[in-house]
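Colleague: sequence unknown, structure follows:
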């Protein structure tokens, strides 16, 4: 596609034809999970109907076809994020597992018999740095790791505008820092973080950097080689793909130094009763039967996004975000939690309605067919920072229209009338 023809594109998404509570479906929860185009649904169905077999285990025709489809998906997904080689892409079940894989490597590297690579050794006096806007999946693994190793967890605070407070960057990222783990694009605030600056500072003191790309990879062009991060985690279901499939990208020399995450079939070279040797990456980290059909579906999702063109997605979402910020901001009883303009901001808007709990907002919006997420969005420290127990979050994608944002605003106006 040379431009984003949203009306034609929406015809690819069967679910958008349905109604909810007798009203047209208005799906504004793509930050939670995206809807799936026919091309992805068909790819998964065709795999099960025509090519279903296990991978890397059989010489028969179906096994060969399944393996080729699985590895072909890896190649296309790796190319989509600018990975120098598909061998740097490890399939996981989601971003959470990808982040935990890296955390496990630091923990295992610090244990007796762990890796000799000093980059993966943590102990008392060492520090891990995160931020106050992280999803729980990029906080809890590091809390657990710090508890196991005696390392210290530190974090960047947030400004009132919902951006990272970088005033103490040289203090937080210092010679004791071993890892910086930071979200690229906040799932609750919509903030797009200056990750290049953080990466440069971390590398200057010898620290590694993990980016949570769960929200960025689906929405903006991401070139992992150009970014310079050491690890990038992302998930398929937020980028038009199936559930149950995610990925960890890492520089190959780091993957090669990391110990296995799970033990079992496919990740071994040889096994005896006295010891085991392991496959090189990425197979070393893909024990057991992997999510084959899901990988095929994610490959089809990437094909779809390439055809649409990520710059077109960015341009469309910027227009939507500006439109929504203006429309919601015109309501005097709305508080937007996060940046108030589109500069370094994605298509996710969290807000509160004066005097109304977000769960009540969500219920009334659902009555109108408008699907949003309410709660702390697995980012409770962010909610605490802004003094709210929860928010209502509207999140957009390439199939969202301004008419749907109008429906959101009408729904919020009804909320106000009900609770006036």
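Modeller: Structure's in. What do you need? Quick caveat, the model's predicted, so the values are computed rather than measured. Numbering: from 1, shown residues only.
Colleague: which residues of the stretch 51-200 of the chain score low on pLDDT?
Modeller: Scanning the stretch 51-200 of the chain for pLDDT under 70 picks out 109-115.
Colleague: where exactly do the strands run in it?
Modeller: 89-92, 127-131, 152-156, 177-183 (DSSP state E, counting those that start in this stretch).
Colleague: what are the pairing partners of the first one, and which direction each?
Modeller: Using DSSP bridges, strand 89-92 pairs in its sheet with strand 246-250 (antiparallel).
Colleague: tell me which residues in the strand it pairs with are buried?
Modeller: Neighbour counts using 16 or more other CB atoms under 10 Å place 246-250 of strand 246-250 among the buried residues. All C-beta atoms are positioned from the backbone trio N, CA, C, and that covers glycine.
Colleague: re earlier: distance to residue 333 and mean neighbour count for the strands of the stretch 51-200 of the chain - can I get that in a markdown table?
Modeller: Conversion of the strands of the stretch 51-200 of the chain to a markdown table gives the following (distance: least, CB to CB, whole Å; neighbours: other CB atoms under 10 Å):
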| stretch | distance to residue 333 | mean neighbour count |
| --- | --- | --- |
| strand 89-92 | 42 | 24 |
| strand 127-131 | 30 | 24 |
| strand 152-156 | 31 | 18 |
| strand 177-183 | 29 | 25 |
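Colleague: The stretch 1-150 of the chain: helices as residue ranges?
Modeller: Counting by DSSP state H, counting those that start in this stretch, the stretch 1-150 of the chain forms helices over residues 6-10, 38-46, 61-80, 95-109, 140-149, given from the N-terminal end onward.
Colleague: again but with the stretch 251-400 of the chain, I slipped
Modeller: Taking DSSP H, counting those that start in this stretch as the criterion, the stretch 251-400 of the chain carries its helices at 252-257, 292-308, 310-329, 358-367, 380-385.
Colleague: and which of the buried residues of strand 246-250 is nearest to residue 328?
Modeller: Within those, distances to residue 328 taken as CB to CB reach their minimum at residue 246, with 31.2 Å.
Colleague: measure residue 209 to residue 299 for me?
Modeller: As defined by CB to CB, to the nearest Å, residue 209 lies at a distance of 27 Å from residue 299.
Colleague: same question, residue 344
Modeller: In terms of CB to CB, residue 344 sits 30 Å off from residue 299.
Colleague: Same question for residue 389.
Modeller: 40 Å.
Colleague: May I see the buried residues of stretch 40-50?
Modeller: Of the residues in stretch 40-50, those buried (16+ other CB under 10 Å) are 40-41, 43-44, 47.
Colleague: quick one: contacts for the closest residue to residue 386 other than its chain neighbours?
Modeller: Nearest residue to residue 386 in three dimensions, chain neighbours excluded: residue 337, at 5.3 Å (CB to CB, 6 or more residues apart in numbering). Contacts for residue 337 (CB atoms under 8 Å, 6 or more residues apart in numbering) come out as 162, 188-189, 350-352, 386, 388, 391.
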